[in-house]
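>>> with the sequence up front, the predicted model follows.
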Amino acid sequence: MSLEIFQNQPVFKIKSGASEALISTGHGAHLLTWRCGDWSIIAWPDPADWDRASHVRGGDPVLFPFIARTFHEGKMGFWSDAKAVVRPAPMHGFAKESPFTVLESGSDFIRLRLDANDATIGFYPFKFRLEVEYRLTEDALETIYHVANRGDGIMPWTAGHHYYFNVPATERPDWELTLPCANWGSQDFRDGSIHMRSAEHEVATLADATWIDRFQMNPDFDKIQLRHLTNGRSLRFQNPNPSPSDWPCVTTWTEKPEADFFCIEPWSALPDAVHNGIGLRHLGAGESAEISCRIIATNA
């Protein structure tokens, strides 16, 4: 690991052979870039608004403790705890905007930590510890989330990824995504309700507009693959842990037709899980859990 300056910001670089990644600890343990040789797989725009880094369309922000949009009685941005106390629920949680500290590091890995503090307690009244570890090999990026409950009560939580893959808009017809799953779903942004239907197919190019803002439920995770149809490059997803329920949802999204990125987002739960319960996890006092996601790159 080395400390470098990137866009006038201090960042950490980890490296394994021709594979390298940049991480910002001051902006939510945010993975900024991942490159394998001459292939920029996950990119960060230049220039970027670092005063609003969590809103920049790039990298992979850490989603915790709740994913996407949360609704209380039809009003977006709030949640109600077990004691019926209503609190703010920022989009994708607060971890993406919180400073992390470095626990340990080496040339090809870094482990970061966020503890409950005065800034988090108003959103999430639990004594949590979140550790995020990035590990590189010459052809793979693995991210490990370790969540611990250091308090006395039961702690609900979810976590997820928001990988911004560097896919120019003009190249969407050239990239084919395979994502086998049981059902497709979406959220109604008027009230937060979740709607499901049977999956119609499992393979389509990124030019297929139906990918946008769609949940893929109970995916066959290790069969997820993004493949270029002509140059031989591909990305395969893998759950290193034996539990098939680590990522019960994978969301696909891009912002607009001309956006030069495409997002594939493994989530441990659905939006508004703290209310609808779909994928919501709980930790008892003193308990901890770990989930991880590996992406394997083939750079032909």
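The structure has been received and is ready for your questions.
>>> what is the burial count for Glu104?
Applying other CB atoms under 10 Å, we find 11 residues neighbouring Glu104. Using the backbone N, CA and C atoms, a C-beta is placed for each residue, glycine as well.
>>> surely it forms part of a strand?
Yes. Glu104: assigned to a strand according to DSSP: H, G, I helix; E, B strand; the rest coil.
>>> list the contacts of the nearest residue to it once chain neighbours are set aside.
Once flanking residues are discounted, Glu104 sits nearest to Arg111: 5.0 Å by CB to CB, 6 or more residues apart in numbering. By CB atoms under 8 Å, 6 or more residues apart in numbering, the residues touching Arg111 are 102-105, 131-133.
>>> can you tell me which of those is nearest Gly26?
Looking at the contacts of Arg111 and their distance to Gly26, the nearest is Val102, at 11.0 Å (CB to CB).
>>> report pLDDT for the closest one.
Model confidence at Val102, expressed as pLDDT, equals 97.
>>> which of the contacts of Arg111 are buried, as a ChimeraX select command?
Selection of buried members from those for ChimeraX, criterion 16 or more other CB atoms under 10 Å:
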select :105,131,132,133
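>>> how close does the closest residue to Asp174 other than its chain neighbours get to Ser40?
Leaving aside its sequence neighbours, Asp174 sits nearest to Leu229 (CB to CB, 6+ apart; 5.4 Å). Distance of Leu229 to Ser40, given as CB to CB, to the nearest Å: 19 Å.
>>> ok, now which ones touch the residue of the chain positioned farthest from its centre?
Largest separation from the mean C-alpha position in the chain: Lys83, at 29.0 Å (CA atoms, centre = their mean). Listed by CB under 8 Å, 6+ apart, Lys83 has no contact partners.
>>> how far away is the nearest residue to Ser105 once chain neighbours are set aside from Ile154?
With sequence-adjacent residues excluded and distances taken as CB to CB, 6+ apart, Ser105 is closest to Met1, at 4.0 Å. Noted for Met1: a distance of 36 Å to Ile154, by CB to CB.
>>> higher neighbour count, these two?
It is Met1, of Met1 and Ile154, that has more neighbours when counted by other CB under 10 Å, with 17 against 13.
>>> that one touches Glu20, doesn't it?
No. Using CB atoms under 8 Å, Met1 is not in contact with Glu20; the gap is 10.8 Å.
>>> low-confidence ranges, the stretch 1-150 of the chain, go.
Applying pLDDT under 70 to the stretch 1-150 of the chain flags no residue at all.
>>> Phe128 versus Glu104, what's the distance?
Relative to Phe128, Glu104 is positioned 20 Å away (CB to CB).
>>> for Pro61, that is, sorry about that
Distance, Pro61 to Phe128, by CB to CB: 18 Å.
>>> between those two, who's got more neighbours?
The neighbour comparison of Pro61 against Phe128 (other CB under 10 Å) goes to Pro61, with 26 against 22.
>>> next up, the contacts around that one.
Pro61 makes contact with 28, 30, 54, 92, 96, 162, according to CB under 8 Å, 6+ apart.
>>> specify the local secondary structure of the nearest residue to it once chain neighbours are set aside.
Spatial nearest neighbour of Pro61, chain neighbours left out: Lys96 (4.1 Å); criterion: CB to CB, 6+ apart. Under three-state DSSP, Lys96 falls in the helix class.
>>> surely Lys96 meets His30?
Yes. Using CB under 8 Å, Lys96 is in contact with His30, at 7.0 Å.
>>> overlap in contacts, those two.
54, 61-62.
>>> columns secondary structure on top of these, output as CSV?
Below are the shared contacts of Lys96 and His30 laid out as CSV (three-state DSSP):
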residue, secondary structure
Ser54, helix
Pro61, coil
Val62, coil
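>>> with distance to Ile224 added, can I get the residues you listed in CSV?
What follows is those, written out as CSV (distance: CB to CB, whole Å):
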residue, distance to Ile224
Ser54, 25
Pro61, 20
Val62, 20
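>>> pick out whichever of those sits closest to Ser234.
Closest to Ser234 out of those is Pro61 (24.1 Å), distances taken as CB to CB.
>>> any idea how far the closest one lies from Phe261?
Pro61 is 13 Å from Phe261, by CB to CB.
>>> equivalent analysis for Ser40, please.
Distance of Ser40 to Phe261, computed by CB to CB: 11 Å.
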